[in-house]
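# build me a model:
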Amino acid sequence: MAPTPPTIVSLKQSFLTTQTRLLSQPLTPSRAWHASNTTPHQEDNANNTPLPPKAVDDALFKLNHRLHQHARRVYAPQATRHVAEQIDQLYWNAAEAATRGDEGEEEDGGGDGTAPGLNGELGEEAWLVVGADLTDPAVLATLPATWDSDTPDPSSLEERRYAELAGELQVLAEQRRAAAERVTRLRRMRGVLEPFSSPTSTSAPGDGATAEDVDGDVQENLVTRNGEVEAELQKMRMLLARVGGRVGRLKEGDGERESSVGSLFSERSGGGAGVEDVEMEERAKVGLLLERF
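Modelled structure (predicted):
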């Protein structure tokens with residue numbers, strides 16, 4: 001995997017660290033000074049005596065010690081990092097101010113369609129705007145495939161890294177577009193198939209549910225194994241067996257019932273004919289019911 005290109009913060013911090021290291025180097029007298037200190041001056045007899053080496057070494061030791069302490073306090077790594085971050089922020093602020101200035105000139109003078117205008121449309125250089133949303137397909141469409149450089153170098157690490165990242169962004173944008181289209185299609189299909197879903201409400205309109213909640217779903221298939229139709233048919237078979245048994249017993253005891261009914265209603269004038277008519281009508285109804293099945 002290719003190493004990550006250095007950022008502005010890392011470059012500036014490295015530069016500041018190098019400069020502070022140079023400023024923290026111990027001081028030493030030059031050869032010219034040593035020569036002038038050891039060579040007697042005939043024109044100045046008062047200062048003709050050279051400085052002793054021990055005194056020079058002691059003074060240099062104390063000076064270098066104070067210089068080292070000063071470098072540790074002033075040029076600390078945290079301070080260097082802070083300065084590098086401030087320089088990076090200045091770069092961003094300058095770029096943003098320049099972009100805003102270009103946008104203002106194009107809005108005032110009509111523009112050439114290369115940057116966002118008054119209507120909010122994105123131009124050809126929308127990706128250069130600070131804080132541009134690189135997940136927006138309109139911004140990704142303006143992203144060039146290669147790094148625009150005055151001296152293109154195919155072996156440059158930054159250019160190859162930019163080409164890889166731009167390609168990955170294009171692929172991810174296409175995958176996101178396909179996923180969004182699939183989600184839209186599935187949602188549309190769910191809306192179409194919503195009436196065929198299982199009933200979610202069995203309450204009546206009087207129980208606080210609306211007519212749409214009660215009648216909005218399509219009736220489920222009743223002709224299934226162990227379904228409602230099969231249960232009702234089983235009940236009907238049991239009912240038919242009971243009705244058939246009752247009708248058989250009625251046929252067997254026909255004569256006895258007629259005699260008992262005649263003796264019961266013989267004393268009443270015209271009452272026997274009415275009862276017989278009712279019994280005949282009931283038997284006719286039972287017979288019609290049995291013929292249907």
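# just the CA trace of stretch 181-195, in CSV.
Output of stretch 181-195 as CSV, limited to C-alpha atoms (Å, rounded to 0.1, in the frame of the first residue of the first chain):
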residue,chain,number,x,y,z
GLU,A,181,-32.9,3.4,-7.2
ARG,A,182,-33.4,-0.1,-5.7
VAL,A,183,-34.8,1.4,-2.5
THR,A,184,-37.2,3.6,-4.5
ARG,A,185,-38.3,0.6,-6.6
LEU,A,186,-38.9,-1.6,-3.5
ARG,A,187,-40.8,1.1,-1.7
ARG,A,188,-43.1,1.5,-4.8
MET,A,189,-43.6,-2.2,-4.9
ARG,A,190,-44.4,-2.3,-1.2
GLY,A,191,-47.0,0.5,-1.7
VAL,A,192,-48.6,-1.5,-4.5
LEU,A,193,-48.7,-4.7,-2.5
GLU,A,194,-49.9,-3.1,0.7
PRO,A,195,-53.6,-4.0,0.2
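# can you pull out the low-pLDDT segments for the stretch 101-250 of the chain?
Within the stretch 101-250 of the chain, the stretches with pLDDT under 70 are 101-132, 148-155, 198-223.
# what ranges do the strands span in the stretch 1-150 of the chain?
Counting by DSSP state E, counting those that start in this stretch, no segments of the stretch 1-150 of the chain form strands.
# for it, just list every one of the helices.
Assigned by DSSP state H, counting those that start in this stretch, the helices in the stretch 1-150 of the chain fall at 8-23, 31-38, 53-74, 77-109, 137-141.
# in the helix or strand just after the shortest one, which residues are buried?
Using DSSP states H and E, the helix or strand that follows helix 137-141 towards the C-terminus is helix 157-193. When burial is assessed from 16 or more other CB atoms under 10 Å, helix 157-193 yields the following buried residues: 159, 160, 162, 166, 169, 173. Placement of C-beta: from N, CA and C, glycine included.
# surely the first one is in contact with residue 147?
Yes: the pair formed by residue 159 and residue 147 meets the contact definition of CB atoms under 8 Å, at 4.5 Å.
# now the common contact residues for the two.
Counting by CB atoms under 8 Å, 6 or more residues apart in numbering, residue 159 and residue 147 have no common neighbour.
# and the nearest residue to residue 51 once chain neighbours are set aside, how far from residue 58?
Distance criterion CB to CB, 6 or more residues apart in numbering; nearest residue to residue 51, sequence neighbours excluded, is residue 37 at 5.6 Å. Relative to residue 58, residue 37 is positioned 15 Å away (CB to CB, to the nearest Å).
# tell me the contacts of the nearest residue to residue 64 once chain neighbours are set aside?
Leaving aside its sequence neighbours, residue 64 sits nearest to residue 26 (CB to CB, 6+ apart; 4.1 Å). Residues in contact with residue 26 (CB under 8 Å, 6+ apart) are 60, 64, 67, 68.
# hmm, which of those are the buried ones?
By 16+ other CB under 10 Å, the contacts of residue 26 give no buried members at all.
# thinking again about what came up before, would you list the helices of the stretch 1-150 of the chain in a markdown table and tack on distance to residue 238?
Shown next, in a markdown table, are the helices of the stretch 1-150 of the chain (distance: least, CB to CB, whole Å):
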| stretch | distance to residue 238 |
| --- | --- |
| helix 8-23 | 88 |
| helix 31-38 | 126 |
| helix 53-74 | 102 |
| helix 77-109 | 86 |
| helix 137-141 | 68 |
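# so which of those helices comes closest to residue 184?
Closest to residue 184 of the helices of the stretch 1-150 of the chain is helix 137-141 (CB to CB; 14.8 Å).
# dump the C-alpha coordinates for that closest one into CSV.
Output in CSV follows, covering the C-alpha atoms of helix 137-141 (Å, rounded to 0.1, in the frame of the first residue of the first chain):
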residue,chain,number,x,y,z
PRO,A,137,-23.4,13.4,-7.3
ALA,A,138,-23.4,16.9,-8.8
VAL,A,139,-20.1,17.7,-7.0
LEU,A,140,-18.6,14.3,-8.0
ALA,A,141,-19.5,15.0,-11.6
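# what residues sit buried inside that helix?
Result for helix 137-141 [16+ other CB under 10 Å]: buried residues 139, 140.
# tell me which strands and helices that helix is in contact with?
Where contact means 3 or more CB pairs under 8 Å, 6 or more residues apart in numbering; DSSP states H and E, helix 137-141 is packed against helix 157-193.
# check which helices and strands the helix it packs on sits against.
helix 137-141.
# quick one on the thing from earlier: against residue 71, how distant is the residue nearest to residue 64?
11 Å.
# show me the contacts for the residue nearest to residue 51.
Here residue 37 is in contact with 29, 50, 51, 56 (CB under 8 Å, 6+ apart).
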